[in-house]
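>>> Take this sequence and fold it.
(one chain, ligands or ions: 1)
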Amino acid sequence: MRASLLQIAVDDTESVDSRRQRVASLVREQAGADLVVLPELWTTGAFAYPDFATEAEPLEGPTYEAMAKAASDAGVWLHAGSIPERDPDGPLYNTSLLFSPAGELTATYRKIHRFGFDKGEAVLMGAGRDLVTARLPNATVGLATCYDLRFPELFRGLVDAGADVLVIPAGWPERRREHWTLLARARAVENQSFVLACGTAGTHAGVPQAGHSIVVDPWGDVLAEAGPGEETLTVSIDVGKVAATREQFPALKDRVLGLAEPRR
Ligand SMILES: NC(=O)CCC(=O)C(=O)O
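Coordinates of the predicted model:
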């Protein structure tokens with residue numbers, strides 16, 4: 001499977017409309033890839049909190065329209081990163097969209113763990129509740145977003161649901177870049193899965209972004225890693241390596257579930 005991770009620069013100097021068009025063109029250039037991945041909240045920037053409400057869109061809004069068309073023009077599976085979704089009956093959500101090569105919306109995932117503690121995304125957006133996997137021709141992808149990376153139980157749930165490729169759009173800041181790389185590798189090793197983690201570059205809302213999108217194999221080896229700036233990271237992955245790793249080193253089979261509570 002050939003995957004392209006588009007590490008988009010999200011700067012305050014570019015309008016959302018202009019970035020949307022630019023990203024659609026970049027997706028079109030990926031014809032020939034099997035899967036293209038975009039970052040988290042690349043229209044606004046993951047830390048541009050005041051823009052969440054002003055730029056929020058319905059699920060089938062302008063980003064959906066542009067990305068559905070770009071996916072079908074390029075003939076690729078497109079994980080279009082996430083948008084600030086305005087649910088007509090509820091709060092905003094940080095929602096990822098997965099399109100088929102025909103441009104059909106195949107899966108959506110509302111970010112479960114919201115970042116910011118008692119401010120930012122954590123108070124401005126609602127929390128998703130559902131684990132989401134989707135079947136591609138050669139892989140079952142498990143969806144997660146940015147801060148979710150810190151919560152291993154979510155990924156174990158995705159693996160239990162059949163995921164062999166974990167796809168993680170993000171808007172991860174430079175100041176915690178070491179955590180990004182460490183956690184991406186940890187999720188790959190412990191789940192014996194591929195990790196495709198696509199972040200943003202640039203600086204928005206005064207927060208320099210880490211870049212360093214990364215592709216890790218089920219053994220924890222880094223297959224490709226971007227630099228700090230806007231970049232397309234292209235990599236070929238052999239999804240069969242997941243089954244081979246799980247067979248040769250069957251640690252997942254040694255899980256002990258239902259442990260007793262500690263005695264007091
Ligand atoms: N957008 C995010 O979820 C940021 C997460 C982050 O900065 C961290 O986990 O550290």
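>>> ok, Tyr109 - contacts?
Under the criterion of CB atoms under 8 Å, 6 or more residues apart in numbering, the neighbours of Tyr109 are Ser82, Thr95, Ser96, Leu98, Gly128, Asp130, Val132, Leu143, Ala144, Thr145. To be clear about C-beta, it is placed using only N, CA and C from the backbone, and glycine gets the same treatment.
>>> distance of it from Ala68?
17 Å (CB to CB, to the nearest Å).
>>> Closest one of the contacts of Tyr109 to the ligand?
Relative to the ligand, the closest of these is Thr145; by CB to the nearest ligand atom it sits at 6.9 Å.
>>> For the residue nearest to the closest one when sequence neighbours are not counted, grab the count of nearby residues.
With sequence-adjacent residues excluded and distances taken as CB to CB, 6 or more residues apart in numbering, Thr145 is closest to Lys111, at 4.1 Å. The local packing of Lys111 (other CB atoms under 10 Å) involves 25 other residues.
>>> Check whether Lys111 really touches Pro84, as I assumed.
No. Lys111 is beyond contact range of Pro84, at 10.6 Å (criterion: CB atoms under 8 Å).
>>> joint contacts of those two?
Common neighbours of Lys111 and Pro84 (CB under 8 Å, 6+ apart) are Tyr93, Asn94, Thr95, Met125.
>>> from the residues you listed, which single one is nearest Gly162?
Thr95 (21.9 Å; CB to CB).
>>> Which residues are in contact with Ser193?
The neighbours of Ser193, taking CB under 8 Å, 6+ apart as the test, are Gly142, Phe155, Val159, Ala163, Asp164, Val165, Leu166, Arg187, Pro218, Val242.
>>> try it again with 10 Å
If you count contacts by CB atoms under 10 Å, 6 or more residues apart in numbering, Ser193 has them with 139-142, 155, 158-159, 163-166, 187, 216-218, 239, 241-242, 245-246, 252.
>>> ditto for Cys198
Counted by CB under 10 Å, 6+ apart, Cys198 has contacts 3-8, 36-40, 42, 79, 81, 167-170, 172, 213-215, 226, 233.
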